[in-house]
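**Student:** please find the sequence and the predicted model below.
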Amino acid sequence: MPPRPRIDRRAPVRELPNINERINYPNVRVVDADGSQLGVITREAALAVARERELDLVLVSEKADPPVCRVMDYGKYKFEQEKKAKEAKKKSHQTEVKEVKMRYKIDSHDYQVRIGQASRFLKAGDKVKCTVIFRGREIQHTALAEALLLRMAKDLGENAELQQAPKREGRNMIMFLSPRRQAASKAPPAAKPAKPVVSKASATPAASAAPTAVAAGPTAVAAGPSAAAAESES
């Protein structure tokens with residue numbers, strides 16, 4: 001009887017950060033918390049500087065000669081690094097392949113449901129595998145299944161690109177759609193309104209008519225006393 005394999009029950013070895021007393025180099029180049037250079041000093045002097053500021057001495061670059069250490073709050077630094085990693089993970093989207101299954105004899109309502117599912121997957125940035133399942137003698141109607149898949153690709157054309165044309169695999173016919181890359185369309189600049197064009201010929205009579213009317217005013221006023229004198233003589 002072969003011996004039973006041994007199970008290692010020891011806890012996994014954790015890689016501890018090189019900070020404070022775990023730094024074993026005799027001389028290090030130290031960068032202060034404000035970014036100023038403290039130069040190359042001994043390990044004990046660097047630890048004394050970190051204790052004086054109530055901070056930690058953290059090994060930044062081990063390959064440098066001499067190694068570079070920085071005085072900082074290691075707990076705060078670790079928290080900020082973990083926060084940045086979580087935010088980067090949220091922003092990054094892992095593309096998945098979602099599958100939509102149907103029969104080639106699918107009715108109109110169920111077909112619209114499959115279109116809605118595939119549209120949601122595509123808008124989320126995932127690829128869609130469209131599968132038509134054959135049962136029994138339905139395998140003889142591959143042309144109808146291919147026409148259904150091509151119709152689906154056309155109906156999803158606003159959000160999808162045909163990655164793989166309909167292809168038969170065993171008792172299924174499959175087609176792959178990938179999300180369409182939206183090209184940033186630049187709107188054309190708005191046309192400036194055209195300024196009204198005034199011809200000199202049309203402006204000249206209007207300009208000359210004004211002085212004529214003004215000049216006629218005193219003439220009419222002056223004619224008033226002459227008319228009154230004529231009436232008195234009669």
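**Tutor:** All right, it came through fine.

**Student:** what segments of the protein are helices?
**Tutor:** Secondary structure of the chain (DSSP state H): helices at 43-52, 74-91, 108-123, 142-155, 200-233.

**Student:** outside of stretch 159-175, which residues touch it?
**Tutor:** 118-119, 122-123, 127-135, 139, 142, 145-146, 149-150, 152-153, 176-181 (C-beta atoms under 8 Å, 6 or more residues apart in numbering). From N, CA and C alone the C-beta is placed, and that goes for glycine too.

**Student:** chain center to it: distance?
**Tutor:** Averaging C-alpha positions (C-alpha atoms, centre = their mean, to the nearest Å) puts stretch 159-175 30 Å from its chain's average.

**Student:** cool, and stretch 37-51?
**Tutor:** Counting by C-alpha atoms, centre = their mean, stretch 37-51 comes out at 45 Å from the chain centroid.

**Student:** in it, which residues are buried?
**Tutor:** 41, 43, 46-47, 49-50 (16 or more other C-beta atoms under 10 Å).

**Student:** repeat for stretch 69-87
**Tutor:** For stretch 69-87, by 16+ other C-beta under 10 Å, it's 69-72, 74.

**Student:** how about stretch 147-160?
**Tutor:** 148-149, 152-153, 156, 159-160.

**Student:** go through this protein and flag its longest strand.
**Tutor:** In the chain, taking DSSP state E as the definition, the longest strand is strand 160-169.

**Student:** circling back to that earlier point, which of the helices of the chain has the lowest average pLDDT?
**Tutor:** Mean pLDDT across these is lowest at helix 200-233; the value there is a mean of 43.

**Student:** spatially central residue in this protein, please.
**Tutor:** With the centre of the chain defined as its mean C-alpha position, the nearest residue by C-alpha atoms, centre = their mean is K91, 9.3 Å away.

**Student:** now for the buried residues of stretch 147-160: which two are most distant?
**Tutor:** The largest distance within those, taken as C-beta to C-beta, falls between L148 and N159 and amounts to 18.5 Å.

**Student:** could you chop this structure up by domain?
**Tutor:** Domain segmentation of the chain under automatic domain parsing yields 20-89, 97-179.

**Student:** endpoints of the shortest one, how far apart?
**Tutor:** Read that as domain 20-89. Length of domain 20-89, first residue to last, C-alpha to C-alpha, to the nearest Å: 31 Å.

**Student:** ok, now stretch 167-180?
**Tutor:** 21 Å.
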